[in-house]
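Have a look; sequence and predicted model below, questions after that.
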Protein chains: 4
Amino acid sequence: MVLELKIPHGADLDALKPLLPVLLAYILSFIYLGIYWNNHHHMLQATRTVNGKVLWANLHLLFWLSLVPFATGWMGENHFEPLPTAVYGVVLLFAGLSYTILQNKLVHHSKGENSTLGEAVGNDLKGKLSLVAYILAIPLAFVNEHISHVIYALVAMMWFIPDRRIEKKIHQ
Amino acid sequence: MVLELKIPHGADLDALKPLLPVLLAYILSFIYLGIYWNNHHHMLQATRTVNGKVLWANLHLLFWLSLVPFATGWMGENHFEPLPTAVYGVVLLFAGLSYTILQNKLVHHSKGENSTLGEAVGNDLKGKLSLVAYILAIPLAFVNEHISHVIYALVAMMWFIPDRRIEKKIHQ
Amino acid sequence: MVLELKIPHGADLDALKPLLPVLLAYILSFIYLGIYWNNHHHMLQATRTVNGKVLWANLHLLFWLSLVPFATGWMGENHFEPLPTAVYGVVLLFAGLSYTILQNKLVHHSKGENSTLGEAVGNDLKGKLSLVAYILAIPLAFVNEHISHVIYALVAMMWFIPDRRIEKKIHQ
Amino acid sequence: MVLELKIPHGADLDALKPLLPVLLAYILSFIYLGIYWNNHHHMLQATRTVNGKVLWANLHLLFWLSLVPFATGWMGENHFEPLPTAVYGVVLLFAGLSYTILQNKLVHHSKGENSTLGEAVGNDLKGKLSLVAYILAIPLAFVNEHISHVIYALVAMMWFIPDRRIEKKIHQ
């Protein structure tokens, strides 16, 4: 999962200036991918074996995450305009949905072995809140794109702290 | 194995429109690479040691898979025209052939240790059917390229379910 | 973490000449990334479990290291001019800072288990010296950029030898 | 280590034609990188621990291998002209040299533990022959570049068979 920053021509501050929105989008997406990476790491720590369904659920998540660099670049290079902002939200929404599906498949799959993951995930309030937030942010991008940007930032902040629920359960 | 989506200039729907065929090709190839990834994962789970021949058979497969992003991009950026469609099929055909070779090498190599993989693979009807399908799809691309697209999609659907044969054998 | 060299047009020495500064920057950054890779490898060898804070400290380091290819390319393609030289230093400074943070988090986290890492790191004189060097090099780039280049090279040389302190402690 | 094929504009055979030399260079380099990958795999199988010197020897090898895609692309896009052909040889020469250094470091490092690797490597005739071949091929590129291409192909063929010496020793 690589996010790309194009090297500007020219060596002065003017050459760097158009890069600022791209860098902002880059940071936001880096945090989002970091959140997925960390929670994914925690989730897989709590499971031991995988089956075909889990592998496909994982690839489904990977598909949407693989679109993040594209959505990031498009939004960043167009000064966070409405349509790219909405498309960015669509990618986040489907990434969130596919993460939920993977989580459910893992909980279901590991039920026989141990229920650590299932208990840890619980009712997954944070996950559901994020999906609702994305669903609101997508149409709101066409009303005022800044509302959507604030929503994306708030969701990222909410997830910034890795999933202590699983961490706690493992340590018990 | 990275598939690339070029970031369009402009932030409106018109800028996204030419990306649609590229995205379609991207999804098809993502599924194909996912199939290889999953079955490869299952196959290597059933084996324990590798030798030089297996490593080269694996690199041979990797070579053809490494051409998938190129073939995907070329087909997607040219509205699925006949020649790129046929070239895409050639790459799939050789990827399929090299996968069959790797499978045979692994079955042969692990014969002494255990015959799980050998039994699981069996007569490999799905593998042979895919190769026949690609061989038909390549010339048919010059008759009507849409026939080839349907064939590629059907083969992908046939493989979508990971190789339960091996999964079953392992669990026994 | 990939550093990129653009393929020049033309097959003579003139086509290679503008690549020389890019290659120099590439070598410098390769050594820097190698230093991080090696010491990171040593540091994680001395630790066994990670928690959420360590994962985020690691991603923070990764963020700054992910900007190295950009800073390298910008500096190399602009003949090591003052501003790109300073920006390169800023990226190195924050990479160094985030490495120190990761190190502290790991020492803190592994305190209960064993104090190998803590003892090995000690007062981390080399780490502190590097940060001071970067802080000096950034403004000096606008006085005379060559001073900064010499500083970057000296810091790289100082770190070239991997962290024997940890190596020694492990072997005891 | 990624080799890149640029997607041509146009969907006919004429669009593919200029890609032929690039594809040829791609195949040659894929085989070379495959040889390094396989033998590297075998070599590290015969060793158990690494130290700082080994890590740096490994990064040194990685540096030269990381230049292979650049040298490949430059040679392929310029119809295998003399200078790119010579530069390709220089990269191969230094990759070969750094591999020899890594091998020596590993033999030296693992001497205490077991001498499997040392015995397996022996006098490393193939390694020395390759270096001599590259040293001849580099200046010969300016006499007749095709001689160099034949030499590169012959060396690749000589190495195609993975290092059975180590494989044999391990199985004993």
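The structure has been received and is ready for your questions. Residues are numbered from 1 along each chain as shown, chains lettered A, B, ... in the order given.

so where's chain A shaky on pLDDT?
A:1-2, A:112-116, A:119-120, A:161-172 (pLDDT under 70).

which secondary structure elements does whichever strand or helix holds A:His41 contact?
A:His41 belongs to helix A:19-45 when assigned by DSSP states H and E. Using 3 or more Cβ pairs under 8 Å, 6 or more residues apart in numbering or on different chains; DSSP states H and E, the elements in contact with helix A:19-45 are helix A:52-66, helix A:68-77, helix A:82-109, helix A:145-160, helix A:164-171, helix C:52-66. C-beta here means a position set from N, CA and C on the backbone, and glycine is covered the same way.

out of the ones you listed, deepest packed?
Highest mean neighbour count of the helices and strands packed on helix A:19-45: helix A:68-77, a mean of 24 (counted as mean count of other Cβ atoms under 10 Å in any protein chain shown).

and the angle for that helix with helix A:145-160?
140 degrees (axes from the mean of the first three to the mean of the last three Cα atoms, to 10 degrees).

how about helix A:68-77, does it reach chain B?
Yes. Part of helix A:68-77 sits near chain B under the criterion Cβ under 8 Å from any Cβ of the partner chain, namely A:70, A:73-74, A:77.

Please identify which of those residues is nearest to chain C.
A:Gly73 (13.4 Å; Cβ to the nearest Cβ).

List the contacts of the nearest residue to the closest one once chain neighbours are set aside.
In space, A:Gly73 comes closest to B:Ile7 once its chain neighbours are excluded; the distance is 4.3 Å by Cβ to Cβ, 6 or more residues apart in numbering or on different chains. Applying Cβ atoms under 8 Å, 6 or more residues apart in numbering or on different chains to B:Ile7 gives the contacts A:70, A:73-74, A:77.

so, if you compare the residues you listed, which one comes nearest to B:Leu55?
A:Phe70 (34.1 Å; Cβ to Cβ).

Quick test: name the residue nearest the centre of chain A.
Among the residues of chain A, A:Tyr32 comes closest to the average C-alpha position under Cα atoms, centre = their mean, at 4.3 Å.

isn't it right up against A:Gly89?
No. Taking contacts as Cβ atoms under 8 Å, A:Tyr32 lies outside contact range of A:Gly89: 11.5 Å.

Can you point out the buried residues in the helix or strand hosting A:Ile138?
Assigned by DSSP H and E, A:Ile138 falls within helix A:125-143. In terms of neighbour count (16 or more other Cβ atoms under 10 Å in any protein chain shown), helix A:125-143 has its buried residues at A:127, A:130-131, A:133-134, A:137-138, A:140-141.

Would you mind giving the residues of helix A:68-77 next to chain B as JSON lines with distance to A:His40 added?
Compiled in JSON lines, the residues of helix A:68-77 next to chain B are given as follows (distance: Cβ to Cβ, whole Å):
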{"residue": "A:Phe70", "distance to A:His40": "20"}
{"residue": "A:Gly73", "distance to A:His40": "23"}
{"residue": "A:Trp74", "distance to A:His40": "25"}
{"residue": "A:Glu77", "distance to A:His40": "28"}
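
Return the member of those nearest to chain D.
Using Cβ to the nearest Cβ, the residues of helix A:68-77 next to chain B come closest to chain D at A:Phe70, 16.0 Å.

Pull the contacting residues for that closest one.
Contacts of A:Phe70 (Cβ under 8 Å, 6+ apart): A:91, B:5, B:7.

rerun that using 6 Å as the cut-off
B:Leu5 (Cβ atoms under 6 Å, 6 or more residues apart in numbering or on different chains).

Next one: the closest residue to A:Ala46 other than its chain neighbours relative to chain C, how far apart?
Leaving aside its sequence neighbours, A:Ala46 sits nearest to A:Leu117 (Cβ to Cβ, 6+ apart; 4.3 Å). From A:Leu117 across to chain C, the span is 16 Å (Cβ to the nearest Cβ, to the nearest Å).

and A:Leu117, how many neighbours?
25 (other Cβ atoms under 10 Å in any protein chain shown).

That'll do, ta.
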